[in-house]
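Participant: make a model of this:
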Amino acid sequence: MKGSTYTNITKGSAFSTAISNHLLSLDMDKEKLSLRPLEEEDLKMLKEWWDFWRFPMPPRQMLPDNLKENGVMVMHDGLPVCAGFIYGTSASATFMLEFIVSNPFVKDRGIRKLCLKTLIKSVAEITKSYGGLVLYSTLANRNLIKTYEECGFTKGTTAYEMIMITQ
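Facilitator: Down below sits the predicted model:
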(Lines give C-alpha, C1' and ligand atoms only; values in the text may rest on other atoms or scores of the structure.)
Protein backbone atom coordinates (compact mmCIF):
# COMPACT_ATOMS: atom_id res chain seq x y z
CA MET A 1 0.00 0.00 0.00
CA LYS A 2 1.50 3.29 -1.10
CA GLY A 3 2.47 5.59 1.74
CA SER A 4 1.49 3.10 4.43
CA THR A 5 3.47 2.95 7.67
CA TYR A 6 2.58 -0.73 7.91
CA THR A 7 4.53 -3.27 5.91
CA ASN A 8 4.50 -6.95 5.14
CA ILE A 9 6.98 -8.67 7.42
CA THR A 10 8.08 -11.31 4.97
CA LYS A 11 9.36 -11.84 1.48
CA GLY A 12 8.14 -14.77 -0.58
CA SER A 13 8.14 -18.10 1.22
CA ALA A 14 10.06 -16.75 4.22
CA PHE A 15 6.89 -16.69 6.33
CA SER A 16 6.21 -20.37 5.66
CA THR A 17 9.83 -21.09 6.55
CA ALA A 18 9.50 -19.07 9.77
CA ILE A 19 6.37 -21.04 10.69
CA SER A 20 8.08 -24.34 9.92
CA ASN A 21 11.16 -23.41 11.94
CA HIS A 22 8.99 -22.31 14.85
CA LEU A 23 6.99 -25.55 14.76
CA LEU A 24 10.23 -27.48 14.97
CA SER A 25 11.07 -25.63 18.19
CA LEU A 26 7.76 -26.68 19.78
CA ASP A 27 6.53 -30.14 20.63
CA MET A 28 3.17 -29.56 18.96
CA ASP A 29 2.62 -33.06 17.63
CA LYS A 30 1.45 -34.41 20.97
CA GLU A 31 -1.09 -31.58 21.14
CA LYS A 32 -2.21 -32.09 17.51
CA LEU A 33 -1.46 -28.41 16.82
CA SER A 34 -0.31 -26.85 13.60
CA LEU A 35 0.08 -23.38 12.10
CA ARG A 36 -0.56 -22.24 8.58
CA PRO A 37 -0.68 -18.94 6.71
CA LEU A 38 -4.15 -17.48 6.20
CA GLU A 39 -5.79 -17.66 2.80
CA GLU A 40 -8.22 -15.19 1.26
CA GLU A 41 -10.88 -17.94 1.41
CA ASP A 42 -10.56 -18.04 5.23
CA LEU A 43 -12.13 -14.57 5.56
CA LYS A 44 -15.68 -15.93 5.14
CA MET A 45 -15.12 -18.30 8.07
CA LEU A 46 -13.47 -15.59 10.17
CA LYS A 47 -16.47 -13.33 9.53
CA GLU A 48 -18.74 -16.03 10.98
CA TRP A 49 -16.52 -16.20 14.05
CA TRP A 50 -16.49 -12.41 14.51
CA ASP A 51 -20.28 -12.31 14.02
CA PHE A 52 -20.75 -14.94 16.73
CA TRP A 53 -18.56 -12.94 19.15
CA ARG A 54 -20.53 -9.77 18.25
CA PHE A 55 -17.42 -8.07 16.91
CA PRO A 56 -17.70 -6.45 13.50
CA MET A 57 -15.37 -7.89 10.91
CA PRO A 58 -12.71 -5.33 10.04
CA PRO A 59 -13.07 -4.04 6.48
CA ARG A 60 -10.80 -5.94 4.10
CA GLN A 61 -8.74 -2.78 3.59
CA MET A 62 -7.79 -2.85 7.31
CA LEU A 63 -6.41 -6.38 7.09
CA PRO A 64 -2.96 -7.08 5.67
CA ASP A 65 -2.79 -6.88 1.89
CA ASN A 66 -1.12 -10.28 1.67
CA LEU A 67 -2.76 -12.69 4.10
CA LYS A 68 -0.29 -15.48 3.34
CA GLU A 69 2.53 -13.26 4.55
CA ASN A 70 0.83 -11.62 7.52
CA GLY A 71 -1.99 -13.89 8.69
CA VAL A 72 -1.70 -16.96 10.92
CA MET A 73 -4.23 -19.74 11.54
CA VAL A 74 -3.79 -22.21 14.40
CA MET A 75 -5.30 -25.65 13.84
CA HIS A 76 -6.08 -28.41 16.32
CA ASP A 77 -6.35 -31.88 14.82
CA GLY A 78 -6.91 -30.27 11.40
CA LEU A 79 -9.70 -27.95 12.60
CA PRO A 80 -9.19 -24.15 12.42
CA VAL A 81 -9.35 -22.77 15.98
CA CYS A 82 -8.00 -19.21 15.95
CA ALA A 83 -6.35 -16.64 13.74
CA GLY A 84 -4.53 -13.34 13.97
CA PHE A 85 -2.88 -10.73 11.80
CA ILE A 86 0.70 -9.48 11.99
CA TYR A 87 1.43 -5.86 11.17
CA GLY A 88 4.94 -4.52 10.72
CA THR A 89 5.33 -0.81 11.45
CA SER A 90 7.62 1.91 10.15
CA ALA A 91 9.76 1.19 13.23
CA SER A 92 11.60 -1.94 12.08
CA ALA A 93 11.66 -3.55 15.54
CA THR A 94 7.97 -2.99 16.37
CA PHE A 95 5.21 -5.35 15.31
CA MET A 96 1.53 -5.63 16.12
CA LEU A 97 -0.68 -8.70 16.53
CA GLU A 98 -4.26 -7.62 15.93
CA PHE A 99 -7.80 -8.81 15.20
CA ILE A 100 -7.37 -12.17 16.94
CA VAL A 101 -10.49 -14.27 16.67
CA SER A 102 -11.32 -17.81 17.80
CA ASN A 103 -13.69 -20.44 16.50
CA PRO A 104 -16.75 -20.30 18.79
CA PHE A 105 -17.87 -23.71 17.58
CA VAL A 106 -14.89 -25.35 19.28
CA LYS A 107 -16.66 -25.87 22.57
CA ASP A 108 -13.63 -27.07 24.51
CA ARG A 109 -12.35 -23.84 26.08
CA GLY A 110 -9.09 -25.55 27.00
CA ILE A 111 -8.33 -26.26 23.35
CA ARG A 112 -9.26 -22.69 22.36
CA LYS A 113 -6.98 -21.28 25.06
CA LEU A 114 -4.12 -23.60 24.10
CA CYS A 115 -4.48 -22.50 20.48
CA LEU A 116 -4.63 -18.81 21.42
CA LYS A 117 -1.45 -19.19 23.47
CA THR A 118 0.17 -21.01 20.56
CA LEU A 119 -0.82 -18.17 18.21
CA ILE A 120 0.51 -15.46 20.52
CA LYS A 121 3.79 -17.25 21.34
CA SER A 122 4.32 -18.26 17.71
CA VAL A 123 3.79 -14.74 16.38
CA ALA A 124 6.18 -13.44 19.06
CA GLU A 125 8.85 -15.88 17.89
CA ILE A 126 8.20 -15.20 14.20
CA THR A 127 8.44 -11.43 14.63
CA LYS A 128 11.55 -11.88 16.77
CA SER A 129 13.15 -13.77 13.87
CA TYR A 130 12.54 -10.64 11.76
CA GLY A 131 14.31 -8.39 14.25
CA GLY A 132 11.27 -7.59 16.36
CA LEU A 133 11.94 -6.25 19.83
CA VAL A 134 8.36 -5.26 20.66
CA LEU A 135 5.08 -7.02 19.91
CA TYR A 136 2.08 -4.82 20.67
CA SER A 137 -1.64 -5.57 20.76
CA THR A 138 -4.74 -3.57 21.61
CA LEU A 139 -7.19 -5.62 23.65
CA ALA A 140 -10.46 -5.15 25.48
CA ASN A 141 -11.49 -8.72 26.30
CA ARG A 142 -10.46 -9.59 29.87
CA ASN A 143 -9.93 -13.28 29.11
CA LEU A 144 -7.71 -12.48 26.14
CA ILE A 145 -5.75 -9.96 28.23
CA LYS A 146 -5.17 -12.70 30.83
CA THR A 147 -4.02 -15.11 28.10
CA TYR A 148 -1.55 -12.50 26.80
CA GLU A 149 -0.22 -12.00 30.34
CA GLU A 150 0.23 -15.78 30.67
CA CYS A 151 2.31 -15.59 27.47
CA GLY A 152 4.67 -13.01 28.98
CA PHE A 153 3.03 -9.74 27.95
CA THR A 154 2.84 -6.82 30.35
CA LYS A 155 -0.38 -4.87 30.63
CA GLY A 156 0.15 -1.23 29.71
CA THR A 157 -1.74 1.71 31.06
CA THR A 158 -5.49 1.75 30.95
CA ALA A 159 -6.33 3.70 27.84
CA TYR A 160 -8.96 4.08 25.20
CA GLU A 161 -8.58 3.33 21.56
CA MET A 162 -9.29 6.43 19.55
CA ILE A 163 -10.63 5.65 16.09
CA MET A 164 -11.67 7.93 13.26
CA ILE A 165 -13.14 6.64 10.02
CA THR A 166 -11.61 8.94 7.40
CA GLN A 167 -13.95 8.15 4.52
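Participant: could you measure from residue 109 over to residue 115?
Facilitator: Using Cβ to Cβ, to the nearest Å, residue 109 is found at 11 Å from residue 115. C-beta here means a position set from N, CA and C on the backbone, and glycine is covered the same way.
Participant: sec struct for the closest residue to residue 92 other than its chain neighbours, please.
Facilitator: In this structure, residue 92 finds its nearest non-sequential neighbour in residue 131, 6.1 Å apart by Cβ to Cβ, 6 or more residues apart in numbering. Three-state call for residue 131 (DSSP: H, G, I helix; E, B strand; the rest coil): coil.
Participant: could I get the pLDDT score of residue 130?
Facilitator: Per-residue pLDDT puts residue 130 at 86.
Participant: count of neighbours near it?
Facilitator: 16 (other Cβ atoms under 10 Å).
Participant: do residue 157 as well
Facilitator: Using other Cβ under 10 Å: residue 157 sits among 4 other residues.
Participant: ditto for residue 152
Facilitator: Count around residue 152 with other Cβ under 10 Å applied: 10.
Participant: before we move on, back to that, was I right about the residue nearest to residue 92 contacting residue 95?
Facilitator: No. At 9.4 Å, residue 131 does not count as touching residue 95 under the criterion of Cβ atoms under 8 Å.
Participant: these two - which one has more neighbours?
Facilitator: Between residue 131 and residue 95, counted using other Cβ under 10 Å, the more crowded position is residue 95 (28 against 12).
Participant: mind pulling the model confidence for the more buried one?
Facilitator: On the pLDDT scale, residue 95 gets 94.
Participant: ok, and the closest non-adjacent residue to it?
Facilitator: Nearest one to residue 95, counting by Cβ to Cβ, 6+ apart, is residue 127 at 4.1 Å.
Participant: confirm that neighbour sits in a helix?
Facilitator: Yes. Looking at residue 127 with three-state DSSP, it is inside a helix.
Participant: re earlier: next one: the residue nearest to residue 92 from residue 56, what distance?
Facilitator: 33 Å.
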